[in-house]
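Novice: give me a 3D structure for the following:
(chains A, B, C and D)
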Number of protein chains: 2
Amino acid sequence: MLALEDEGYTVRGVSSAEDGLLAQRAEPADTVLVDLMLPGVDGFECIRQLRRDDDVPIVVVSARDDTHDIVAALEAGADDYLVKPVAVKELSARLRALRRRGRAVLTAVSTLVFGDLEILPEAGEVRLAGTPVALTRTEFRLLCELAEHPGLVLTRQQLLQRVWDYDVGDERLVDVHVGRLRQKIEDDSRTPRRLVTVRGMGYKLQR
Amino acid sequence: MLALEDEGYTVRGVSSAEDGLLAQRAEPADTVLVDLMLPGVDGFECIRQLRRDDDVPIVVVSARDDTHDIVAALEAGADDYLVKPVAVKELSARLRALRRRGRAVLTAVSTLVFGDLEILPEAGEVRLAGTPVALTRTEFRLLCELAEHPGLVLTRQQLLQRVWDYDVGDERLVDVHVGRLRQKIEDDSRTPRRLVTVRGMGYKLQR
DNA sequence: CGGAACTATGACAGTTGTATGACAACGCAC
DNA sequence: GTGCGTTGTCATACAACTGTCATAGTTCCG
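Specialist: Numbering: from 1, shown residues only, chains lettered A, B, ... in the order given. A predicted model of the protein is given here:
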């Protein structure tokens, strides 16, 4: 999963078939990876249900290399079947091949997820617990900059440079915009839980 | 090959990459199996050429199970890659999976749907809640351009380039046409719900 | 405890970005 | 040529955003 993120994918993990089905209904991913050894619902049944709901590409990853399983999974509606251990490069290439075929028209939108905070950079959109939040351009750029370095402290200087293209400038400016951003993305701006201050250093976006 | 015929496929065999390419041009099969160890043209090149000509599903069958080869074949345009020895049942199931997906594409491309807004690019037609809307050529192209990137913000520059073929030009021009388009596709052009402004960035068509 | 350093926030005026109506130029059919 | 729809430019009005500053609140440490 981490390896896939390195390849540039945004990954949402679930621990059971039920969770996966629910998550997919609530907010469809553009590709689904299924492990046939999941607890709960039978894996093939899971594929069938996914396929019934929509035509998202489904890739099965499994430790079993029995032809019978492979055929059953494909019949159930899977688009590809990989036997563990899987080379990430291969998985990534197969995902690309699938996407090329299925969704050639649609452009993929990447999502940065921080708990219930989602950031869609290309869509210029930010959602908090599913509902869109209206941010100004500066707030948005600030948030993206922080989001690109999850959990890392960025100094005011760094933020001034990257968000404002200022080589020099009043560092207080950053404070003001962080404050405004907090009003919009924190439940209680007095006790920030996502965008936290690191005294003497700067700010960071909590994973 | 014989085994495949038993599964109900009609199979045409060729003994070299050149023959295969020619045969496919003369009388296209609906799926192509490629063996990477063919004499003559390099197998990857063969895939690329097939892919260039049309978007027939391509399945590679090869004795080599090196990840590097698999990735290269998929990158070249293959849809699937099987390592010999191949179970006929599996191959058959994978061909069916591919064909299933291929069909889905054809139906998916023709209409772009955004809620009750339908766009038929080839037909040059736009319908709002079922009733046709009369758009000018520029408005139509603008809408199509936005529709091809659902939910993504397009900058005025990008739109100028893609709709007007202007490398430089007054960005206000875009505003004006967006305004005119809104008059026609929004219920209340004061509060756009479909074609929304992302201040400081551009415009996007809401999914 | 008290001061210094650091951070948060509210208010304000200047600036920027967007929407829209008016208009002249253009192409095209008749 | 006349009439009509379309196109690009412009000026204006309005709304939203930005940066600065003053003030108030924290945290740290001797």
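Novice: can you pull the residues of chain A lying near DNA strand C?
Specialist: A:172, A:175-176, A:178-179, A:182, A:189-190, A:192, A:197-201 (Cβ under 7 Å from any atom of the strand). Quick note: C-beta positions are derived from backbone N, CA and C, even for glycine.
Novice: looking at pLDDT only, which of those residues scores worst?
Specialist: Here the lowest pLDDT out of the residues of chain A next to DNA strand C sits on A:Ser189, with 76.
Novice: can you read off the backbone torsions of it?
Specialist: phi -70, psi -10 (degrees, to the nearest 10).
Novice: what sits against it?
Specialist: A:179, A:182-183 (Cβ atoms under 8 Å, 6 or more residues apart in numbering or on different chains).
Novice: among those, who's most crowded?
Specialist: A:Arg182 (21 neighbours; other Cβ atoms under 10 Å in any protein chain shown).
Novice: so that residue touches A:Pro192, yeah?
Specialist: Yes - assessed by Cβ atoms under 8 Å, A:Arg182 is found in contact with A:Pro192 at 5.7 Å.
Novice: check contacts around the closest residue to chain B within chain A.
Specialist: Residue nearest to chain B within chain A: A:Arg137 (3.2 Å; Cβ to the nearest Cβ). Neighbouring residues of A:Arg137 by Cβ under 8 Å, 6+ apart: B:199-201.
Novice: if we go to 10 Å?
Specialist: Residues in contact with A:Arg137 (Cβ atoms under 10 Å, 6 or more residues apart in numbering or on different chains) are A:124, A:163, B:198-201.
Novice: do the same with A:Thr155
Specialist: A:Thr155 makes contact with A:161, A:171, A:174, A:198, A:200-203 under the criterion Cβ under 10 Å, 6+ apart.
Novice: are we agreed that A:Leu22 is in a helix?
Specialist: Yes - using DSSP: H, G, I helix; E, B strand; the rest coil, the assignment for A:Leu22 is a helix.
Novice: got any ranges where chain A has weak pLDDT?
Specialist: A:1-13, A:15-16, A:20, A:26-28, A:37-41, A:53-54, A:102-109 (pLDDT under 70).
Novice: rerun that using 90 as the cut-off
Specialist: Applying pLDDT under 90 to chain A picks out residues A:1-79, A:83-113, A:115-116, A:122, A:129-130, A:166-169, A:188-191, A:207.
Novice: PyMOL command to pick out the buried ones of the residues of chain A next to DNA strand C?
Specialist: Those of those that count as buried under 16 or more other Cβ atoms under 10 Å in any protein chain shown are selected in PyMOL with:
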select buried, chain A and resi 178+182+192
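Novice: quick one: which of the residues of chain A next to DNA strand C sit in strands?
Specialist: A:197-198 (DSSP state E).
Novice: switch the residues of chain A next to DNA strand C over to CSV; also include distance to DNA strand D.
Specialist: CSV is the format used below for these (distance: Cβ to the nearest atom of the strand, whole Å):
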residue, distance to DNA strand D
A:Arg172, 6
A:Asp175, 8
A:Val176, 4
A:Val178, 11
A:Gly179, 9
A:Arg182, 14
A:Ser189, 13
A:Arg190, 8
A:Pro192, 11
A:Thr197, 9
A:Val198, 10
A:Arg199, 6
A:Gly200, 8
A:Met201, 12
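Novice: adding distance to B:Val32, write the residues of chain A next to DNA strand C out as CSV.
Specialist: CSV is the format used below for these (distance: Cβ to Cβ, whole Å):
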residue, distance to B:Val32
A:Arg172, 64
A:Asp175, 62
A:Val176, 61
A:Val178, 57
A:Gly179, 60
A:Arg182, 57
A:Ser189, 60
A:Arg190, 64
A:Pro192, 57
A:Thr197, 60
A:Val198, 58
A:Arg199, 64
A:Gly200, 64
A:Met201, 59
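Novice: next one: phi and psi at the residue of chain A closest to chain B?
Specialist: Per-residue torsions, A:Arg137: phi -60, psi -40 (degrees, to the nearest 10).
Novice: tell me who's in contact with A:Asp79.
Specialist: A:31-32, A:47, A:51, A:55-60, A:73, A:94-95, A:97-98, A:101-102, B:79-80, B:94, B:97-98, B:100-101.
Novice: for those residues, which PyMOL command selects only the ones that are buried?
Specialist: Listed next is the PyMOL selection for buried residues among those, using 16+ other Cβ under 10 Å:
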select buried, (chain A and resi 31+32+47+51+55+56+57+58+59+60+73+94+95+97+98+101+102) or (chain B and resi 79+80+94+97+98+101)
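Novice: now intersect the contacts of A:Asp79 with the strands, please.
Specialist: A:32, A:58-60, B:80.
Novice: any idea which of the residues you listed is closest to DNA strand D?
Specialist: Minimum separation from DNA strand D among the ones in strands among the contacts of A:Asp79 (Cβ to the nearest atom of the strand) is found for A:Val32, which lies at 36.0 Å.
Novice: what's opposite the closest one in the beta bridge?
Specialist: A:Val32 forms beta bridges with A:Ile58, as assigned by DSSP bridges.
Novice: surely it is in contact with A:Ala78?
Specialist: Yes - assessed by Cβ atoms under 10 Å, A:Val32 is found in contact with A:Ala78 at 9.3 Å.
Novice: quick check, nearest of the ones in strands among the contacts of A:Asp79 to A:Gly115?
Specialist: When these are compared for distance to A:Gly115 (Cβ to Cβ), A:Val32 comes out closest, at 21.9 Å.
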